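Trainee: sequence first, then the predicted structure, then my questions.
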There are 2 protein chains.
Amino acid sequence: MGGIKDRVAIIGMGCTKFGEHWDKSAEDLMVEAAYEAYEDAGIDPKDIQAAWLGLQYSFGSARGTMLAHALKLNYIPVTRVENACCTGTDAFRNACFAVAAGVYDLVLVMGVEKLKDSGLSGLPVSYAPFWGSRVEPPVPAPVQFALAATRYFHHYGLSFEEGKKTLAKIAVKNHHNGSLNPRAHFQREITIEQVLNAPMIAWPLGLFDCCGVSDGAAAAIIARPEIAKSTRSDYVLVKGLGLSCGARQALLNDDYDMVHFEETVTAANSAYQDAGIKNPREEIDLAVVHDCFTITELLIYEDLGFSPRGRAKEDVDAGFFTLEGGLPVNTDGGLKCFGHPIGASGLRMIYEIYKQLQGKAGPRQVKKADLGLTHNLGGHPGHFTCAVAIFGRKD
Amino acid sequence: MGGIKDRVAIIGMGCTKFGEHWDKSAEDLMVEAAYEAYEDAGIDPKDIQAAWLGLQYSFGSARGTMLAHALKLNYIPVTRVENACCTGTDAFRNACFAVAAGVYDLVLVMGVEKLKDSGLSGLPVSYAPFWGSRVEPPVPAPVQFALAATRYFHHYGLSFEEGKKTLAKIAVKNHHNGSLNPRAHFQREITIEQVLNAPMIAWPLGLFDCCGVSDGAAAAIIARPEIAKSTRSDYVLVKGLGLSCGARQALLNDDYDMVHFEETVTAANSAYQDAGIKNPREEIDLAVVHDCFTITELLIYEDLGFSPRGRAKEDVDAGFFTLEGGLPVNTDGGLKCFGHPIGASGLRMIYEIYKQLQGKAGPRQVKKADLGLTHNLGGHPGHFTCAVAIFGRKD
């Protein structure tokens, strides 16, 4: 069992503005993301030998031909991957395996989702029935993560006011970062008071503790490093990939602790092992993680090893995860400002890390950006799917 | 761009009986297929390091956790692949890339579908809307392939009677093979007269020209050959893999010929190149192909290079594709007898090739079985997805 470290390079990326794209089709969004990536990589679309498409919702079938048709890539192989909120990153992961195996030289990975005009919000329908399977009762996502919040507050002795304010600081941080990002759906700063006074969605999570609902697409062009070096000097290397699927039914079990998600721990450990990372808090320079709710980001700090268990509040209070902090998280604004067009989110996160590692993140640029991490978490407590990917500068 | 030849081995497989499984869940079917594969490979389920799940229908999300949960494979990575009728084979293909890249040592690939109690037949709903995309009007699958049949008859000067009888011989052959297979949904022989006199579904295709609707699951355990050889002496090697996605809108274009499907030609060429096959008619010993309709199998003979263009009828008349013929096709009974539980079909086909190459196909065993091929075709004329895979005996 060998790692993926330094065997795959990103040579180009593209990302649409995320938001309400009532006037654009999913195909339009794919074209926009792909052509930015082609131009960034300096390649001709005809040189693409294979593609992976990350797209969640389908009501039947969402197949590779959708990408082939949108981009006029006739008769190339296109795999469509769907894996809940990890869809985009898992499409990227599978494409990396094909490149690392030497099967294709130049590969396109696309993540896309049109949520606004789908009739789906991405939240209340997150329970997906599986014919003939025993699954737990449908509990909307805000309620599931509200359970984590109340349990975390209780477990670590935070009052409602303390806990709520800690979460508010995460929302304020992410909105600040989003205000510096022309591709974000929401580009306005918010205040702690706005978060605290916002309508309650699922106690203790209010409106600003929840991410939005958006449309968007993002794309990457990948190749083996020996090919990458002929295209540009600042390509970005894949350092580690981890994926973990839980197999429990948390809401039907009494012993689920609800203050950590083991899927994040195991996916991260796998990626850290690939990348040779022993102390993520010290070694990782920045991260873009799955803040579907503010409490999720808080738990992720601890599950990724960025904060000691129960100590994430101290790091939040100290500004450790801000743009100027020791380990900036969600430098692009996160799900909080981008919303979560499911298939696109993973590649949107990789786009931010890619630009940061190249020193091209403009007003959001962090000082030290040698090693960056992305994280997705989808599904439900006990049977989440979690993807962690780590990227590094070439030298 | 390097091939996949001899870099991945199948060391175990399982396949449920296909049919009406009203009393079994998709999880039950996955357990049955997986445990047959574990036993066949002589491995402990705990040794599985990663898995791929092929499953088409979801109405929302069908994620890797479904397999993790069914098989109690807690915290392993599971990718769910969906690619129309190529779903199972494309899941297998992606798993092969990960194994060939050396990322995992022992990998499970599962294909499953419960169609009977889904409210879906697999046929009338084969048109899948894609939000915001321009797609052609929904035309049921039997009608699409009926267009191919009438056009083929016209193009090659076959009367209705000649064409219909040729197709009937394909149905009779596949039902004969299925009658020898205890895992097939339909295990009865039929006669030419029954086919000719059956109710018309979409002229000229009658009831027995169409495949059935079934539930089923099939699974494979794969590893690199150096690991495979420590488990068994008769493992089967992957010799070639091809996938091709069309990007046209045939039914909106006048110039589509409807007497061949370019996706099959291009996917096969890719797999033949991998496997070093120059003359498939001579070199391939047997094949299991996508006979969703009898006309599809007829076109596939020519698109795979088994018959010269326009000459498949002569080969059918000569019995070239029967169990005793020069190139037996659909030795297990095909979609005709297995139905087409979408995610499961590709792995069901591989199961048959695997058993034939090991000489374990019982009354269906073909005389020479050194090199076998599987073929799937999904979607619609002009934008089909096609997967071709080639397998060989170890020596």
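Mentor: Nice, thanks for sending it over. Residues are numbered from 1 along each chain as shown, chains lettered A, B, ... in the order given.
Trainee: can you classify residue A:154 by secondary structure?
Mentor: At residue A:154, secondary structure determined by DSSP: H, G, I helix; E, B strand; the rest coil is helix.
Trainee: that one and residue A:28, how far apart?
Mentor: Distance of residue A:154 to residue A:28, given as Cβ to Cβ, to the nearest Å: 47 Å. C-beta coordinates here come from the backbone N, C-alpha and C atoms, glycine included.
Trainee: who's more crowded, these two?
Mentor: When neighbours are counted by other Cβ atoms under 10 Å in any protein chain shown, residue A:154 and residue A:28 differ, and residue A:28 comes out ahead with 19 against 12.
Trainee: is any part of the strand or helix carrying the more buried one close to chain B?
Mentor: Using DSSP states H and E, residue A:28 maps to helix A:26-41. Yes - interface with chain B: helix A:26-41 contributes A:26-28 (Cβ under 8 Å from any Cβ of the partner chain).
Trainee: make JSON lines out of the residues you listed and add pLDDT.
Mentor: Below are the residues of helix A:26-41 next to chain B laid out as JSON lines (pLDDT from 0 to 100):
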{"residue": "A:26", "pLDDT": "90"}
{"residue": "A:27", "pLDDT": "91"}
{"residue": "A:28", "pLDDT": "94"}
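Trainee: list the buried residues in the helix holding residue A:28.
Mentor: A:26-34, A:36-38, A:40-41 (16 or more other Cβ atoms under 10 Å in any protein chain shown).
Trainee: quick one: list the elements packing against it.
Mentor: strand A:9-15, helix A:65-70, strand A:107-114, strand A:215-223 (3 or more Cβ pairs under 8 Å, 6 or more residues apart in numbering or on different chains; DSSP states H and E).
Trainee: pLDDT weak spots in the stretch 101-250 of chain A?
Mentor: Along the stretch 101-250 of chain A, the parts satisfying pLDDT under 70 run over A:118-138, A:249-250.
Trainee: tell me where it has helices.
Mentor: Ranges of helices within the stretch 101-250 of chain A are A:141-155, A:160-179, A:192-197, A:225-228, based on DSSP state H, counting those that start in this stretch.
Trainee: looking at those, which is buried most?
Mentor: Ranked by mean neighbour count, the helices of the stretch 101-250 of chain A are led by helix A:160-179 with a mean of 22 (mean count of other Cβ atoms under 10 Å in any protein chain shown).
Trainee: quick one: that helix to helix A:141-155, angle?
Mentor: For helix A:160-179 against helix A:141-155, the angle between stretch directions is 130 degrees (axes from the mean of the first three to the mean of the last three Cα atoms, to 10 degrees).
Trainee: ok, back up a step: contacts for the helix holding residue A:28, please.
Mentor: A:11-16, A:21, A:24, A:44-45, A:55, A:66-67, A:69-71, A:108, A:110, A:112-114, A:215-221, A:231-232, B:130-134 (Cβ atoms under 8 Å, 6 or more residues apart in numbering or on different chains).
Trainee: mind giving me the ChimeraX select for the residues you listed, buried ones only?
Mentor: ChimeraX command restricting the contacts of helix A:26-41 to the buried ones, with burial defined by 16+ other Cβ under 10 Å:
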select /A:11,12,13,14,15,16,21,24,55,66,67,69,70,71,108,110,112,113,114,215,216,217,218,219,220,221,231,232 /B:130,131,132,133
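Trainee: over to residue A:300. Which of the three states is it?
Mentor: Three-state call for residue A:300 (three-state DSSP): helix.
Trainee: could you report the neighbour count for the closest residue to it other than its chain neighbours?
Mentor: Once flanking residues are discounted, residue A:300 sits nearest to residue A:289: 4.8 Å by Cβ to Cβ, 6 or more residues apart in numbering or on different chains. Neighbour count for residue A:289, taken as other Cβ under 10 Å: 26.
Trainee: do you know how far residue A:289 is from residue A:332?
Mentor: Relative to residue A:332, and taking Cβ to Cβ, residue A:289 is found at 11 Å.
Trainee: same check on residue A:149?
Mentor: 24 Å.
Trainee: run through who's touching stretch A:72-80.
Mentor: A:45, A:48-55, A:62-68, A:91, A:94, A:108, B:81-83, B:90, B:93-94, B:242-248, B:262-263, B:266-267, B:270, B:385.
Trainee: buried sites along it?
Mentor: A:73-80.
Trainee: dump these to TSV, plus distance to residue A:316 and secondary structure.
Mentor: Formatted as TSV, the buried residues of stretch A:72-80 follow (distance: Cβ to Cβ, whole Å; DSSP: H, G, I helix; E, B strand; the rest coil):
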residue	distance to residue A:316	secondary structure
A:73	45	coil
A:74	50	coil
A:75	51	coil
A:76	46	strand
A:77	45	coil
A:78	42	strand
A:79	39	strand
A:80	38	strand
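Trainee: for the residues you listed, give me JSON lines that also has pLDDT.
Mentor: Shown next, in JSON lines, are the buried residues of stretch A:72-80 (pLDDT from 0 to 100):
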{"residue": "A:73", "pLDDT": "95"}
{"residue": "A:74", "pLDDT": "93"}
{"residue": "A:75", "pLDDT": "96"}
{"residue": "A:76", "pLDDT": "96"}
{"residue": "A:77", "pLDDT": "98"}
{"residue": "A:78", "pLDDT": "98"}
{"residue": "A:79", "pLDDT": "98"}
{"residue": "A:80", "pLDDT": "96"}
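Trainee: picking up where we left off before, got phi/psi on the residue nearest to residue A:300?
Mentor: Dihedral pair for residue A:289: phi -120, psi 170, per degrees, to the nearest 10.
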